[in-house]
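[1] I'd like to go over a predicted model; first the sequence, then the structure.
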Amino acid sequence: MKLIIDCDPGVDDAIALLLALASPELEIVGISNVAGNVSLERIQKNTRQICELAGHPDAKVYPGCARPLLRPLATAEEVHGASGLGGVTLPEPTMAVQPTHGVDFLIDTLMNSAGDITLATLGPLTNVAIALIKEPRLVGKIPHIVLMGGSIGQGNITPSAEFNIYVDPHAAHVVFSSGIPLTMIGLNATHTVMSTPDRIDRIRANDNAASLAAADLLTFYGKDERDHLKLPGAPLHDPCVIAYLIQPDLFEVHPYHVEIEITSSSSMGRTIVSKAEGSDVDNGTHPANANVVLRADAAGFYDLLTQRLATL
Ligand code: RIB
Ligand code: CA
């Protein structure tokens, strides 16, 4: 499967990239960066550090948009650390970033691709929205977007909104109303794969550099959940996107209609998920525009993640 990953590393993005780079089923055509967890400058450095940690200095990294369409950039250093890769100190990257802007990379690559290229998005949807606005014909050239974002219920950055959608709700509106086949992996799913201490220890036991770094990243990432919220660990959001592409049967999916709240100040960025007309859930009033992942097989997910990290 040919794949483009649009991401904002960020700890969980980093784990997702390691999983993707360790998976022979995936041919990573390129990685585009978008501002989100931290600034774009840190994100494109973090992305290159992770690619080199995975033994892939050949990966192509394209810096994209440094801010959302309309709103000021909101970041999450409190979750990911000031660098965006809290818990580790990786060598300065030696590989270069690509000279092409991430948006132009998406347009040029997808418009000129002979075969299908799947798009995985792990951060705010700014790059994808601008690509769709700049080149509307992209709608017919993207067979599937698998995105981490949204929630059927509670948010994580506000009571209503999940971070990726909240940072750029207008971009999310462009993508969710585009008609492109979407799989939405939201908080409902990612909260069924908590990075608990025993799961982190299992990854650490691989004892290779990538797994040791992943374990340190996840230990840092879940500190707030374990110490203050008395949760067993942090939900492991972004790697769910990659695991879904590799082993979709680990996930339960339902077709729903998803609309993005872009007017209310109190619930800006909420994904309003309603039962879809004619789907196998209760009668709805809108046609389905997304397959929404509800839950994951946590044991199978961590088996896959742990096994793949061991190969790096
Ligand atoms: O809400 C979780 C999402 O926001 C993840 O993608 C995380 O990396 C942040 O981007
Ligand atoms: Ca992310």
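    Nice, I can see it. Ligands and ions are numbered 1, 2, ... in the order given.

[2] residue ranges of the helices in the stretch 151-300 of the chain, please?
    163-167, 169-176, 187-190, 197-204, 209-221, 223-227, 239-246, 298-309 (DSSP state H, counting those that start in this stretch).

[3] Return the most buried member of these.
    Across the helices of the stretch 151-300 of the chain, averaging neighbours per residue (mean count of other CB atoms under 10 Å) puts helix 163-167 on top, at a mean of 28. (Glycine included, C-beta is placed from N, CA and C.)

[4] And the residue nearest the centre of the chain, how far from ligand 2?
    The chain has L122 as the residue nearest its centroid, 1.7 Å off, counting by CA atoms, centre = their mean. Distance, L122 to ligand 2, by CB to the ion, to the nearest Å: 4 Å.

[5] now swap in D216 and tell me
    Distance from D216 to ligand 2, counting by CB to the ion: 18 Å.

[6] and that residue, what is it in contact with?
    By CB atoms under 8 Å, 6 or more residues apart in numbering, the contact set of D216 is G87, V88.

[7] pLDDT wise, what is it at?
    pLDDT for D216: 98.

[8] do the same with T285
    pLDDT, T285: 66.

[9] Might one say that E259 is in contact with P169?
    No. Counting by CB atoms under 8 Å, E259 sits too far from P169 to count as a contact (10.8 Å).

[10] Closest approach to ligand 1 from the stretch 51-200 of the chain, which residue is it?
    F163 (3.6 Å; CB to the nearest ligand atom).

[11] nearest residue to that residue other than its sequence neighbours?
    Computed as CB to CB, 6 or more residues apart in numbering, the closest residue to F163 that is not its neighbour in sequence is I157, at 4.4 Å.

[12] Count the neighbours of the one you found for me.
    16 (other CB atoms under 10 Å).

[13] shouldn't it be in contact with T75?
    No. Counting by CB under 8 Å, I157 sits too far from T75 to count as a contact (10.6 Å).

[14] What parts of the stretch 51-200 of the chain come near ligand 2?
    Contact residues, the stretch 51-200 of the chain versus ligand 2 (CB under 5 Å from the ion): L122, G123.

[15] just to revisit the earlier point, which one of the helices of the stretch 151-300 of the chain has the lowest average pLDDT?
    It's helix 223-227: among the helices of the stretch 151-300 of the chain, that one has the lowest mean pLDDT, namely a mean of 86.

[16] that's a helix at R71, yeah?
    No. If the criterion is DSSP: H, G, I helix; E, B strand; the rest coil, then R71 is coil and not within a helix.

[17] show me the contacts for it.
    V167, D168, P169, H170.

[18] Run a quick neighbour tally on the residue nearest to the last one when sequence neighbours are not counted.
    When you say that, I think you mean H170. Counting by CB to CB, 6+ apart, H170 lies nearest to L69, which is 4.5 Å off, once chain neighbours are set aside. Counted with other CB under 10 Å, residues neighbouring L69 total 18.

[19] residues contacting L69?
    Here L69 is in contact with T126, A129, I130, D168, H170, A171 (CB under 8 Å, 6+ apart).

[20] Residues in contact with the lowest-mean-pLDDT helix or strand in the chain: which ones?
    Across the helices and strands of the chain, mean pLDDT, DSSP states H and E gives its lowest value to helix 223-227, namely a mean of 86. The contact list for helix 223-227, computed with CB under 8 Å, 6+ apart, reads E78, V79, M194, P197, L231, P232, G233, A234.

[21] buried set for stretch 13-30?
    Neighbour-count burial for stretch 13-30 flags 13-23, 26, 28-30 (criterion: 16 or more other CB atoms under 10 Å).

[22] what's the residue nearest to F163 in contact with, if anything?
    Here I157 is in contact with A74, A76, F163, Y166, V167, G269 (CB under 8 Å, 6+ apart).

[23] TSV please, covering the residues you listed and showing distance to D227.
    Listed next are those as TSV, based on distance: CB to CB, whole Å:
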residue	distance to D227
A74	24
A76	17
F163	20
Y166	24
V167	26
G269	27
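
[24] Quick check: end-to-end length of stretch 182-202?
    The first and final residues of stretch 182-202 sit 33 Å from each other (CA to CA, to the nearest Å).

[25] How about that stretch and ligand 1, any contact?
    No. Between stretch 182-202 and ligand 1, judged by CB under 6 Å from any ligand atom, nothing touches; the nearest distance is 6.8 Å.
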